[in-house]
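S.K.: Output the structure for:
(chains A and B)
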Amino acid sequence: MRTSPPIRPTVQSATSVRQNQVRLAQLLACPVAAAGLSLADWSLVIRQARRAGVLARLCDLIEEGGALSAVPEPARLHLEAARTLAIKHAHDVRWEVRCIKQALAPLDIPIILLKGAAYLLADLPPARGRIFNDVDIMVPETRLPEVEVALNANGWRFHKLSAYDERYYRRWMHQIPPMTHMARGTTVDVHHTIVAPTRRLRLNAAALFAAAIPVGDDPKLRTLAPADMLLHSAAHLLNEGEFDRGLRDLDDMNRMLRHFGRDEGFWQALVERAEELDLRRPLFYAFRYASRMLGTPLPQGIEKTPRLRPPGFLLRSVMDLLFERALRPRHSTCRDALTGPALSLLYLRAHYLLMPARTLVPHLLRKAYARRVGRDETPERGWL
Amino acid sequence: MILRCGPMAIDVDTDLPEVVAALEVYYGPDAILSKRDFADFFVELRRPAGLRRWYRPQVIFALDGEQLFKPLPRDQAMQAFEWGLNWIIEHHCHQYLIVHAAVIEKGGHAILMPGQPGSGKSTLAAAMTNRGWRLLSDEIALISMADGALSALARPISLKNESIPVLRRFVPDAIIGCEARDTVKGTVALMRAPLDSIARIAQTARASWIIFPRYLNGLPVEIRRRSRASTLMSIIEHSFNYSIHGKAGFERLADVIEACDCYDFSYADLNEAVEVFDALKPPS
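M.R.: Numbers count the residues shown, from 1 in each chain, chains lettered A, B, ... in the order given. Here you go, the predicted structure:
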């Protein structure tokens, strides 16, 4: 379903919002709590979880915790229906990955699966109940033209883009414009690195390829190394200004940190890699909000380590104000007076990180105009 | 307010007084519940902000704050509600295998009537249910994935174009609302399900016949057996979520069809159609 702005964004008091959203976060942190919820609690949790894209995941987590039979039937039906859809979805994604692999086989290049497809094929915890629209892959930048040709020859086509959007993608993004398969309607996003090349930083993609690990029986098909996978998720969520599925994405990191974190060496490697790739700040925020909102267990003091160059008190307080709103479900019961402004400011921040002001201002004006005249359907960004 | 709609409870938030009144008429006064702990879906029907609140007024349908389709003229508010609810059921209620079909029942035996728009399934359902059959649904068949039983919705029947005057003549005392013209489906009007169908909404039924109706003007009524295999293939085409259920969906559907006699049916005259349906013998 395409998202569109709420027809009448209702604003609630900050206190009632905190109370409203606490149940869903509690469930993600501790799924067995499901056994203690009343029917009225469920009525709210299901709405929020559906909007946040975690309904199917909740079903799996609660079942693993052995509490699914304790969920009252009217609520359980929604959880199970969402899971049915997610299972079908996982099946389709596996097939899609197979098609992409076949299309690119003659090029003999490494194909790195990113995000949802990577979690699924590597059988990682964030794959559970995760419904996503596009398969994201990463290939060496020098081979992009051949990849485009090969995908095109196998039925994928670029969307019709305005000349402006086309230029924008090629100049500012870390991916080429999305390609959709003519028959299946599925979309593949081809990346050449994990974060957009910004005015300050151009990430060394070769290091990512070097650390990638094979998945399944095809040595060409890989996922990022655990630390890189987490950093990619953090950079994507916390630097790119899109929070439509913010809670789900934060929970992805929560699951990854819990899973990879059982390996002692992981945390050290993660911090080192964040320094190396200059993704310290997104990692700091990932630690902070995953632990604050979803109770992710972290090694003592890791969040405060000076190696991550944590922001000062003032900046941190402001970012708390913004992120803790943006990362809630995009649902009226989780919305207070500052939610709209917070989304707008984070959207501005994302672009500020990306491009110089002389490019940024005309770009935002153009996008705002396109939205006004209905040519652009993007998730809500407050008043921008 | 909360609207009970078969197995579901819908929280309806609206600032349109005519919608509150219409829901009470079409769904029956017992369907309006004052308070409930749990609602399956939260929908809103409201007037848009700005110019179109007053000038050629419109109505917006939203599920949990998200608009599902473009605003409709305000006099199509009930259509917006019905279409919106269809969309919600088709996209979220995967505890069912959902088939684009009318369902009617008599003596514990149900007829499943799949069909494209224009095949006459709503017209037939409207006619039959005013001649002793019970209405479960005029266009969405809900087949339980757990046990294959058919759930009743007993929502208002959506009549289109020529079928509106036909039904007004066939059932003179029927409650058929005002006609909305120039909708995406032409002229449409809602007909309330018989009160008996609404009263028995909690009773599920099992399918005994699967009948593919076709309205053919000027020809005599005709009913012909068809194979279960071709019936299975056709129902898959008429299903909204068959592909989601995978192997379980195939097995569930095969089970349902195994217990049914299957027919193609063409008709022009509703009285003749009633005779044919009344003469059906349940499969042994």
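S.K.: Point me to the helix or strand that includes the residue in the stretch 51-200 of chain A positioned nearest to chain B.
M.R.: The minimum distance from the stretch 51-200 of chain A to chain B, using Cβ to the nearest Cβ, falls at A:Ala81 (3.9 Å). Glycine gets a C-beta too; all of them are placed from N, C-alpha and C. A:Ala81 is part of helix A:73-104, with elements assigned from DSSP states H and E.
S.K.: A:His363 looks like it's in a helix, true?
M.R.: Yes. Assessed by DSSP: H, G, I helix; E, B strand; the rest coil, A:His363 belongs to a helix.
S.K.: residue ranges with poor pLDDT in chain A?
M.R.: A:1-11, A:198-202, A:355-358, A:371-384 (pLDDT under 70).
S.K.: which stretches of it form strands?
M.R.: A:111-114, A:134-138, A:156-158, A:179-181, A:187-191, A:213-215, A:218-223 (DSSP state E).
S.K.: now for the helix or strand of chain B with the lowest mean pLDDT, which elements pack on it?
M.R.: Lowest by mean pLDDT, DSSP states H and E among the helices and strands of chain B is strand B:180-183, with a mean of 83. Here strand B:180-183 touches strand B:186-191, going by 3 or more Cβ pairs under 8 Å, 6 or more residues apart in numbering or on different chains; DSSP states H and E.
S.K.: Following element in sequence after the strand it packs on, please.
M.R.: helix B:195-199.
S.K.: Can you name every helix or strand that the following helix or strand past that following helix contacts?
M.R.: Using DSSP H and E, the helix or strand that follows helix B:195-199 in sequence is strand B:206-215. Contact partners of strand B:206-215 among helices and strands, from 3+ Cβ pairs under 8 Å, 6+ apart: strand B:109-114, helix B:121-128, helix B:228-237, strand B:261-267.
S.K.: So the residue of the stretch 51-200 of chain A closest to chain B is in contact with B:His92, correct?
M.R.: Yes. In terms of Cβ atoms under 8 Å, A:Ala81 counts as a neighbour of B:His92; the distance is 6.3 Å.
S.K.: Can you give me the neighbour number for the residue of the stretch 51-200 of chain A closest to chain B?
M.R.: Number of residues near A:Ala81 (other Cβ atoms under 10 Å in any protein chain shown) recorded here: 22.
S.K.: For it, give me its contacts.
M.R.: B:His92, B:Cys93, B:His94, B:Gln95 (Cβ atoms under 8 Å, 6 or more residues apart in numbering or on different chains).
S.K.: Out of those residues, who's the most crowded?
M.R.: Highest neighbour count within those, by other Cβ under 10 Å: B:His94, with 23 neighbours.
S.K.: Any chance of TSV for the strands of chain A, columns distance to chain B and mean neighbour count?
M.R.: Listed next are the strands of chain A as TSV, based on distance: least, Cβ to the nearest Cβ, whole Å; neighbours: other Cβ atoms under 10 Å in any protein chain shown:
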stretch	distance to chain B	mean neighbour count
strand A:111-114	23	24
strand A:134-138	18	23
strand A:156-158	22	16
strand A:179-181	16	18
strand A:187-191	18	20
strand A:213-215	24	16
strand A:218-223	24	18
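S.K.: May I see these organised as TSV, with distance to B:Pro213 added?
M.R.: TSV is the format used below for these (distance: least, Cβ to Cβ, whole Å):
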stretch	distance to B:Pro213
strand A:111-114	48
strand A:134-138	41
strand A:156-158	40
strand A:179-181	36
strand A:187-191	39
strand A:213-215	51
strand A:218-223	50
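S.K.: Would you tell me which of the ones you listed gets closest to B:Ala146?
M.R.: strand A:134-138 (32.8 Å; Cβ to Cβ).
S.K.: Tell me the helices and strands packed up against the closest one.
M.R.: Using 3+ Cβ pairs under 8 Å, 6+ apart: strand A:134-138 touches helix A:73-104, strand A:111-114, helix A:115-121, strand A:187-191.
S.K.: residues near the closest residue to chain B within the stretch 201-350 of chain A, how many?
M.R.: Of all residues in the stretch 201-350 of chain A, A:Ser332 sits closest to chain B, at 4.9 Å by Cβ to the nearest Cβ. By the criterion of other Cβ under 10 Å, A:Ser332 has 22 neighbours.
S.K.: What about A:Asp108, how many residues nearby?
M.R.: Other residues close to A:Asp108 by other Cβ under 10 Å number 8.
S.K.: and stretch A:217-235, how far from the chain's centre?
M.R.: In terms of Cα atoms, centre = their mean, to the nearest Å, the centre of stretch A:217-235 is found 14 Å from the chain centre.
S.K.: and the stretch 1-150 of chain B, which of its residues are near chain A?
M.R.: Proximity of the stretch 1-150 of chain B to chain A is confined to B:9, B:37-40, B:42, B:44, B:46, B:48-49, B:60, B:62, B:64-68, B:91-95, B:145 under the rule Cβ under 8 Å from any Cβ of the partner chain.
S.K.: Apart from its chain neighbours, what residue comes closest to the one residue sitting closest to the centre of chain A?
M.R.: Central residue of chain A (Cα atoms, centre = their mean): A:Asp249, 4.1 Å from the mean position. Using Cβ to Cβ, 6 or more residues apart in numbering or on different chains and skipping the chain neighbours, the partner closest in space to A:Asp249 is A:Leu237 (4.4 Å).
S.K.: Many thanks, we can stop here.
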